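Engineer: Sequence and predicted model, in that order:
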Amino acid sequence: MRRAIILVVCVTFLALFCGPCPAAEVQQEDPGPLFPVLQKGKWGYIDTTGKVVIEPQFAEVMPKTTFNVFALLNIGYMFEPQWPPIEGLPEGLAPVLDSTSGDKWGYIDKTGSLVIKPQFDRAYGFSEGLAVVRMGKQFGFIDKQGQVVIKPQFDHAIGFSDGLARVTVDKKDGFIDTKGNLVIKPQFAAALWFSEGLASVHVGEWKKDKSGRMESKFGYVDKTGKVVIEPRFALARHFSEGLAAVLLDREGWGYVDRTGNLVILPRFFEASWFSEGLAPVNTNEDPKKSTWGYIDRTGFMVIAPHFDDAGGFAEGLAPVQVGGKWGYIDKTGSTAIAPQFDGAESFSQGLASVTRARENG
């Protein structure tokens with residue numbers, strides 16, 4: 001029987017040689033960034049030195065806002081955005097599952113104190129001052145005092161981004177502002193979040209072609225709901241660094257700018273978004289033999305495709321998989337941390353969450 005063990009890798013070797021600090025130096029009101037760890041089936045939080053700040057005691061934590069865990073499955077493709085690197089307490093509060101309160105979710109601060117009592121059936125991280133919560137089968141939003149500011153009334157919701165949040169009503173997606181006003185009425189079969197002023201949306205109903213294959217038409221709307229990039233893509237990711245990866249049916253993935261112009265022609269079998277000037281792309285159509293490399297904003301392959309899988313750059317490093325194990329490369333493509341992990345996430349404030357499996361006993 002195997003189990004995953006949460007580890008944390010430090011981006012600098014200095015931490016390996018730092019001894020214990022005097023008590024007067026570590027007693028700070030704000031411990032800085034905190035990261036979730038799992039020990040003996042309970043979740044707690046550590047700081048950037050690996051010191052346990054909040055003792056493992058919670059049945060579950062949800063450090064991400066909902067737009068980081070949103071996935072779209074249709075027409076045979078899985079469109080699942082990678083998680084942007086963020087610390088475990090976005091905006092200073094973290095949702096936790098308290099098993100002693102009837103499996104309800106509440107929120108803790110950086111001291112581990114429950115500042116919003118467990119009362120929600122599901123809770124997510126804060127984004128732009130508000131957090132998505134589920135009460136019964138409906139989703140709404142609370143503020144940092146735990147007050148319901150947008151009552152639960154939606155079939156689903158994802159966190160605020162660019163001042164708007166995507167909500168679902170009767171299987172249609174629209175957008176609300178922080179007051180709960182419907183800015184863009186629910187009308188789309190699917191929608192992502194706003195990024196750089198635009199949101200990817202599916203215009204019209206899902207339809208099947210003569211072969212029975214699902215057809216999809218994604219485009220982009222601005223914050224008034226106006227279609228600014230016509231729906232002509234099979235899938236369309238969010239904008240990052242001025243570009244967005246789009247899938248043209250039977251042609252592959254390419255990239256468009258904010259005017260909708262194809263600035264990198266479709267030729268990839270998978271493509272992610274840009275971060276720190278580079279984007280991971282897959283050049284092999286065989287899913288069992290993926291070959292990932294990195295392109296720049298001109299489409300030039302700056303890191304040759306030879307990885308089994310690859311993630312985005314953060315803090316100068318990117319997770320890559322080689323021979324079934326994950327490690328990290330720098331922006332020259334050189335190995336920074338040798339492949340040795342069973343899973344790896346992007347770096348955030350000097351740390352990255354990785355997993356390593358081992359046999360029990």
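Structural biologist: Received the coordinates, thanks.
Engineer: C-alpha coordinates for stretch 347-359, CSV please?
Structural biologist: What follows is stretch 347-359, C-alpha atoms only, in CSV (Å, rounded to 0.1, in the frame of the first residue of the first chain):
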residue,chain,number,x,y,z
PHE,A,347,7.3,27.6,-6.7
SER,A,348,5.7,30.4,-4.7
GLN,A,349,7.7,32.7,-2.4
GLY,A,350,10.6,30.3,-2.3
LEU,A,351,8.8,27.0,-1.8
ALA,A,352,7.2,24.4,-3.9
SER,A,353,4.9,21.5,-2.9
VAL,A,354,6.1,18.1,-4.0
THR,A,355,5.0,14.5,-3.4
ARG,A,356,7.1,11.4,-3.0
ALA,A,357,5.6,7.9,-2.5
ARG,A,358,7.1,5.2,-0.2
GLU,A,359,6.1,1.8,1.0
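Engineer: Low-confidence stretches in the stretch 51-200 of the chain?
Structural biologist: 63-88 (pLDDT under 70).
Engineer: repeat that for 90
Structural biologist: For the stretch 51-200 of the chain, the stretches with pLDDT under 90 are 51, 54, 56-57, 59-92, 98-103, 125, 190, 192.
Engineer: residue boundaries of the helices in it?
Structural biologist: Applying DSSP state H, counting those that start in this stretch to the stretch 51-200 of the chain gives no helices.
Engineer: residues contacting the nearest residue to residue 185 once chain neighbours are set aside?
Structural biologist: Leaving aside its sequence neighbours, residue 185 sits nearest to residue 174 (Cβ to Cβ, 6 or more residues apart in numbering; 5.0 Å). For the C-beta atoms, the positions are set from N, CA and C on the backbone; glycine is no exception. Going by Cβ atoms under 8 Å, 6 or more residues apart in numbering, residue 174 touches 166-168, 182-188, 191.
Engineer: swap the cut-off to 6 Å and go again
Structural biologist: 167, 184-186 (Cβ atoms under 6 Å, 6 or more residues apart in numbering).
Engineer: From residue 246, how far off is it?
Structural biologist: 22 Å (Cβ to Cβ, to the nearest Å).
Engineer: ok, now residue 318?
Structural biologist: 22 Å.
Engineer: go on, residue 285?
Structural biologist: Counting by Cβ to Cβ, the gap from residue 285 to residue 246 is 17 Å.
Engineer: more crowded one of these two?
Structural biologist: Using other Cβ atoms under 10 Å, the more surrounded residue of residue 285 and residue 246 is residue 246, with 26 against 12.
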